[in-house]
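> Prediction below, plus the sequence it came from.
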Amino acid sequence: MTSAPHPGFDVDTLASYLQARLPGFHGPLSATKFKGGQSNPTYRIDTATGCYVLRRKPYGRLLASAHAIEREYRVLTALEHSAVPVATPLHLCEDDSVIGSAFYLMSFVPGRVQWDPALPDLTPAARETLYCRALDALTALARLDANALGLSDYGKAGNYFARQIARWSEQYRASETGTITAMDSLIAGLPAAVPADPGRIALVHGDFRLDNLMWSDSQQLLAVVDWELSTLGHPLADLGYFCMALRLPRNPVLPGLAGLERRALGIPEEALLLARFADATGLDPGKDWPFHLAFHFFRLAAIAQGVMQRALQGNASSDQALAAGRMAPLLAQMGLEVLEHGRAN
């Protein structure tokens, strides 16, 4: 991950604060902001005695439930010794006076992020290994006992997809800039297709994709990152989002794998990923799989529409915001097709 300077806060104040509260931490320090799409700004913190990562809330007025740094820190603390690898949480600061907002510090994981799911610089064997290990982490996440982790109140129990459909439908309507017929059809049709709850609650990452995983050069998974959207929910939720990349088209905004000869590349087919997940968890999406995929296309279309609205208003955070926003109709159409026809991939 590349980085850029100008942290936007007083590094000496931060160094003094951490040195007084964190054993082994010694200033002075330098702070370098990572580039990328994080809604919670993320910085590399370098000192003479070590390297760390800091995540903070953005400046300015925020929605009450947005940018929940405290929730991120809580889930990292719960997962620290679990089967799901995460960076080690070190300190949470809820005092805005230190750097201008709440923040937390965690260990620096010296790994690599794979931004393109086609993994162009790896061999077929290495691609297969990486995808299978990503799925292993996903199955480990689905098997976790939220109650045993102390996360029984981390989200609402039951009706996960129904609540998510209502939320994202509202978000989409609030950012609508024109009629997308497929999106209207999804909003009307998805609620009736919601599968029954499986009888167990899972910790859902909410954004489980390759570029939120950190890897060693030997394709060892070092950490799952960016837990901002995590909550309690359906144990199949992350699987649908992860597999959506197999169907997304190749483009610079949302790079997918559609149209590639995945078998020759060593990338497992969807059926194999589903079978491995079912064997490991006892959860088989079966006839409900079209719903799971359609829901995530719908959710991503709603997110893209929000980006489009912000771009048209001139306050989007990404140079590619308009291009991302223009993906909404395609994403909605793909979701509708899989919901109506259950097209295999």
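That came in fine, so what should we check first?

> now the strands for the stretch 201-345 of the chain?
Ranges of strands in the stretch 201-345 of the chain, per DSSP state E, counting those that start in this stretch, are 202-204, 213-215, 221-224, 231-233.

> Surely Ala134 is in contact with Gln220?
No: using Cβ atoms under 8 Å as the test, Ala134 is too far from Gln220 to be in contact (11.5 Å). Every residue, glycine included, has its C-beta placed from N, CA and C.

> The two: which has the busier surroundings?
Ala134 (24 against 13; other Cβ atoms under 10 Å).

> From the rest of the structure, what touches the helix or strand containing that one?
Assigned by DSSP states H and E, Ala134 belongs to helix 124-143. By Cβ atoms under 8 Å, 6 or more residues apart in numbering, the list of residues contacting helix 124-143 from outside reads 82-85, 114, 119, 122, 202-203, 205, 208, 210, 213, 215, 219-221, 224, 235-236, 238-239, 242, 264-268, 273, 276-277, 280-281, 283.

> could you flag which of those are buried?
Among these, those classed as buried by 16 or more other Cβ atoms under 10 Å are 82, 84-85, 114, 119, 122, 202-203, 205, 208, 210, 213, 215, 219, 221, 224, 235-236, 238-239, 242, 265-268, 273, 276-277, 281, 283.

> How confident was the prediction at the residue nearest the centre of the chain?
By Cα atoms, centre = their mean, the chain has its centre lying nearest to Asp207, at 2.1 Å. Note for Asp207: predicted pLDDT of 92.

> got it, and Leu229?
88.

> who touches it in this structure?
205-207.

> one step back: so which of the contacts of helix 124-143 are in helices?
Of the positions in the contacts of helix 124-143, 238-239, 242, 264-265, 273, 276-277, 280-281 sit in helices, assigned by DSSP state H.

> Ala192: which of these is nearest?
Taking Cβ to Cβ as the measure, Leu239 is the one of those closest to Ala192, at 21.6 Å.

> Kindly confirm my reading that Pro110 is in a helix.
No: Pro110: not assigned to a helix; according to DSSP: H, G, I helix; E, B strand; the rest coil it is coil.

> distance of the residue nearest to the centre of the chain from Ala126?
Counting by Cβ to Cβ, to the nearest Å, the gap from Asp207 to Ala126 is 24 Å.

> Over to Val307?
33 Å.
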